[in-house]
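K.L.:
my questions are about this predicted structure, shown below with the sequence.
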Amino acid sequence: MPENRVTEDPKEKHNKPPYPTQQQQTPGTEAQMSPNADHGEQSYRGANRLAGKTALITGGDSGIGRAIAIAFAREGANVSISYLNEHDDANVTAHWIKEAGRKAAKIPGDIGNEDHCKRIVEQTVRECGGLDILVNNAAFQMTHDKLEDWSSEEIEHTFRTNIISMFYLCKAAVPHMKPGSVIINTSSIQAYNPNPQLLAYAATKGAIANFTKALAKLLGKQGIRVNAVAPGPVWTPLIPSTMPEEKVEKFGADTVFERAAQPAEMAPIYAFLASSEASYVSGEVYGATGGKTPF
C-alpha cells in the first residue's frame, strides 16, 4: 500500500476524549460537532492516481464520505456525492471538489428507494461523464439497550439504507462500468466485534463484508474489482446524532491510540483501493480499527 497521504498527525490537531457534551438530531451535521472533524482539507496531497476517472460516493456530504471526496478530487477524479438532505454539508464538500479543479455533482434523496438509486447513477453519468468508481458509504444507525426497543420500521430502514441500497446502486452502476472499474463498500469493525447496542447496524455491516466478497467473485470476469473498508471508531456526525451523550464523550477511548480516528485517516485507504496500484486486490476487507480487532 502506498504511503499515507495525510501529512499532519490528526492526533496532534484534535484532542483525545473526553469530548464536549453534545447531541444532535439525526442525521447530524458537521457544523455542530465539537471538535470539528478533519477531512484532509489542509493535509491531503494527491498524486494524480485517479486522473480521468469519475466517482460516485454515497454519504459524500460529511464524515468519511467527505474525506473520500476530497481525496478523490485531488487524485484527479470528478466526484458525484449522494446524500439524504444535509444540503449545507453537501455544499461544503462540493466546494472542496471544485477547488481541486474537478466536476462536482450533488444528488439529495433516499438511497433506500431503488428508483432514486437509478437516478443517482444516471445523473452522475450525465453530469460527470461516466462512472468508474462506486463508493457505497452511506449508513444509518441507532443505539438501544433492549431488543424490544428496535421497531420494525427502524430495522427495515437500517437494512434498506445500509445494505439493500448497495444491491440497487451496484445493479444500476455496473452496466456503465468498464474493465478496471472499482466498487468500494464501507463495512465496519461492527461486522467482527459487534456492540449489542448497535444490533441492527452491526448486522448490516456483517452483511456488507459478505456482500463484498461474493460480488467480487461475481464481477471478476468483467474486470471490476470489489473491496470494502472496515473502520473502527471515526469522528463523524453519525456519532453525536445516534449515540447517548456518555458514549459520545468517551468515543474511541478504548482503541490503542486512545482516540477516535479522523475521517482524513480513512481516505487514503479508499484512494489506494480505487487506484491501479490495487489492481490485484479484490474481495478484501481492509480494517482500520485503531488496533481494536484483527481481520
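P.N.:
Yep, it's here.
K.L.:
only C-alpha atoms for contact and neighbour calcs from this point on.
P.N.:
Will do.
K.L.:
quick one: low-confidence parts of the stretch 1-150 of the chain?
P.N.:
1-15, 22, 28, 30-31, 34 (pLDDT under 70).
K.L.:
show me where it has its helices.
P.N.:
Here the stretch 1-150 of the chain has its helices, by DSSP state H, counting those that start in this stretch, at 10-13, 63-74, 87-99, 114-128.
K.L.:
please identify the most buried of the ones you listed.
P.N.:
helix 63-74 (a mean of 29; mean count of other CA atoms under 10 Å).
K.L.:
what packs against it?
P.N.:
With contacts taken as 3 or more CA pairs under 8 Å, 6 or more residues apart in numbering; DSSP states H and E, helix 63-74 sits against strand 54-58, strand 78-83, helix 87-99, helix 267-274.
K.L.:
please name whichever of the ones you listed is nearest to Ile183.
P.N.:
Proximity to Ile183 (CA to CA) singles out helix 267-274 among these, at 7.8 Å.
K.L.:
that closest one - contacts with which helices or strands?
P.N.:
helix 63-74, strand 182-186, strand 225-231.
K.L.:
a markdown table please, covering those and showing distance to Phe272.
P.N.:
Output for those, formatted as a markdown table (distance: least, CA to CA, whole Å):
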| stretch | distance to Phe272 |
| --- | --- |
| helix 63-74 | 10 |
| strand 182-186 | 11 |
| strand 225-231 | 11 |
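K.L.:
quick one: which of those is nearest His87?
P.N.:
When those are ranked by distance to His87, counting by CA to CA, first place goes to helix 63-74 at 12.9 Å.
K.L.:
tell me what angle that closest one forms with helix 87-99.
P.N.:
Per axes from the mean of the first three to the mean of the last three CA atoms, to 10 degrees, the angle that helix 63-74 makes with helix 87-99 is 20 degrees.
K.L.:
centre of the chain to helix 63-74, how far?
P.N.:
From the chain centre to the centre of helix 63-74 is a distance of 9 Å (CA atoms, centre = their mean, to the nearest Å).
K.L.:
before we move on, what about stretch 93-108?
P.N.:
Distance of stretch 93-108 from the chain centroid (CA atoms, centre = their mean) equals 16 Å.
K.L.:
now Trp96: closest residue in space that isn't a chain neighbour?
P.N.:
Closest residue in space to Trp96, ignoring its immediate chain neighbours: Ile70 at 6.2 Å, by CA to CA, 6 or more residues apart in numbering.
K.L.:
apologies, that question was intended for Ala261.
P.N.:
That would be Val234: by CA to CA, 6+ apart, it lies 4.5 Å from Ala261.
K.L.:
surely that neighbour and Ala267 touch.
P.N.:
No: distance between Val234 and Ala267: 11.7 Å, which falls outside the contact criterion (CA atoms under 8 Å).
K.L.:
what segments of the stretch 151-295 of the chain are helices?
P.N.:
For the stretch 151-295 of the chain, helices defined by DSSP H, counting those that start in this stretch occupy the ranges 152-159, 165-173, 199-219, 238-242, 245-249, 267-274.
K.L.:
for stretch 218-233, buried residues please.
P.N.:
219, 224-233 (16 or more other CA atoms under 10 Å).
K.L.:
quick one: which of the helices of the stretch 1-150 of the chain is nearest Ala209?
P.N.:
Using CA to CA, the nearest of the helices of the stretch 1-150 of the chain to Ala209 is helix 63-74, at 17.7 Å.
K.L.:
as PDB, could you dump the C-alpha coordinates of the closest one?
P.N.:
Presented in PDB, the C-alpha positions along helix 63-74 are these (Å, rounded to 0.1, in the frame of the first residue of the first chain):
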ATOM      1  CA  GLY A  63     -17.700  12.300   7.600                       C
ATOM      2  CA  ILE A  64     -15.700   9.600   5.800                       C
ATOM      3  CA  GLY A  65     -17.600  10.400   2.600                       C
ATOM      4  CA  ARG A  66     -16.400  14.000   2.600                       C
ATOM      5  CA  ALA A  67     -12.800  12.900   3.200                       C
ATOM      6  CA  ILE A  68     -13.000  10.400   0.300                       C
ATOM      7  CA  ALA A  69     -14.500  13.100  -2.000                       C
ATOM      8  CA  ILE A  70     -11.600  15.500  -1.200                       C
ATOM      9  CA  ALA A  71      -9.000  12.800  -1.700                       C
ATOM     10  CA  PHE A  72     -10.500  11.500  -5.000                       C
ATOM     11  CA  ALA A  73     -10.800  15.000  -6.400                       C
ATOM     12  CA  ARG A  74      -7.200  15.800  -5.500                       C
END
